[in-house]
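Visitor: let me see the structure of the following:
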Amino acid sequence: MNSEKLSKRLEKVASFVPKNARLADIGSDHAYLPVYLAKSKQISYAIAGEVVAGPFESARHEVESQALTSKIQVRLANGLAAIQPDDQINTITIAGMGGQLISEILKANPEKLEGVARLILQPNVGEYGLRRWLNQNNYKIVAEAILQEHQKIYEVIIVEKGNQKLTEKALFFGPFLMQEKSTVFIEKWQHELLNKKRILEKLKQAKQINELKISQFNQEICWIHEVIQ
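Guide: Next up is the predicted model:
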């Protein structure tokens, strides 16, 4: 993967970035996503934020080598602290980290989210918890995507400001994904079903029975059966 040819995962994230967006890519790694978007004239300006020195240097080198320093600012900062008011950021991408970490990044600097019209989030794990946090903090899911790359399944969640009261079941699966029921979605949940059944059996055989956990797993298994039928 490079800024000429993104991974399928980042390509999908890029597809949801609005035309002429002022983008902040948090956890930008090599800055491949903002560089790709700048070169394809999809964005007007970008911040590539990195909290780790190594990836920050890689991102800075990539931006400089592509002669994009006037369009992309690379900053060493923790999460949304990379964003300054003068940047006038209206779109944020956070991809390739856990759902819990993404929600922690968002809640750490709420003032940085003022004026941001769209968040494009790609959690590697913890999608359910991230959707719950978004639902509780006045964000509505406007689109979702699911894809498979190198035997791993990824979900992309696109949100905008607004109230949306989703059921626990919709938060668990994703409101759009559970309606579309793509082949990848079915494959993911067939695999999850086997995992949850195995864990449930272990919970039932444990010396100390956790009734609450058993009830939760029974509920989730029931939901999966309903949705993938």
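Visitor: now do the contacts for the closest residue to Ala77 other than its chain neighbours.
Guide: Using CB to CB, 6 or more residues apart in numbering and skipping the chain neighbours, the partner closest in space to Ala77 is Gly49 (5.5 Å). Bear in mind the C-beta positions are built from the backbone N, C-alpha and C, glycine included. Listed by CB atoms under 8 Å, 6 or more residues apart in numbering, the contact set of Gly49 reads Ala24, Asp25, Ile26, Gly27, Ser28, Arg75, Ala77, Gly79, Leu80, Ala81, Ala82, Ile83.
Visitor: got a list of what the second one touches?
Guide: Asp25 makes contacts with Ala31, Leu33, Pro34, Ala46, Ile47, Ala48, Gly49, Ile92, Thr93, Ile94, Ala95, as judged by CB under 8 Å, 6+ apart.
Visitor: check what pLDDT Ser3 gets.
Guide: Note on Ser3: pLDDT of 63.
Visitor: same thing with Gln205?
Guide: pLDDT, read off for Gln205, is 89.
Visitor: quick one, helices of this protein?
Guide: 8-15, 32-39, 53-65, 99-108, 127-136, 168-173, 175-180, 183-205, 211-228 (DSSP state H).
Visitor: centroid residue for the chain?
Guide: Gln122 (2.0 Å; CA atoms, centre = their mean).
Visitor: for that one, list each beta-bridge partner.
Guide: Beta-bridge partners for Gln122, by DSSP bridges, are Ala95.
Visitor: quick check: domain ranges of this protein?
Guide: Domain ranges of the chain: 8-165, 185-228, per automatic domain parsing.
Visitor: deepest-packed of those, please.
Guide: domain 8-165 (a mean of 19; mean count of other CB atoms under 10 Å).
Visitor: which stretches of this protein have low pLDDT?
Guide: Judged by pLDDT under 70, the chain has its weakly predicted residues at 1-3.
Visitor: measure the residue of it positioned farthest from its centre to Arg198 for me?
Guide: What lies farthest from the middle of the chain is Lys207; by CA atoms, centre = their mean that is 37.7 Å. From Lys207 across to Arg198, the span is 18 Å (CB to CB, to the nearest Å).
Visitor: next one: His191
Guide: His191 is 11 Å from Arg198, by CB to CB.
Visitor: just Glu180 next, same as before
Guide: As for Glu180, its distance to Arg198 is 27 Å (criterion: CB to CB).
Visitor: rewinding a little: want to throw the domains of the chain into a markdown table with distance to Phe172?
Guide: Listed next are the domains of the chain as a markdown table, based on distance: least, CB to CB, whole Å:
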| stretch | distance to Phe172 |
| --- | --- |
| domain 8-165 | 5 |
| domain 185-228 | 6 |
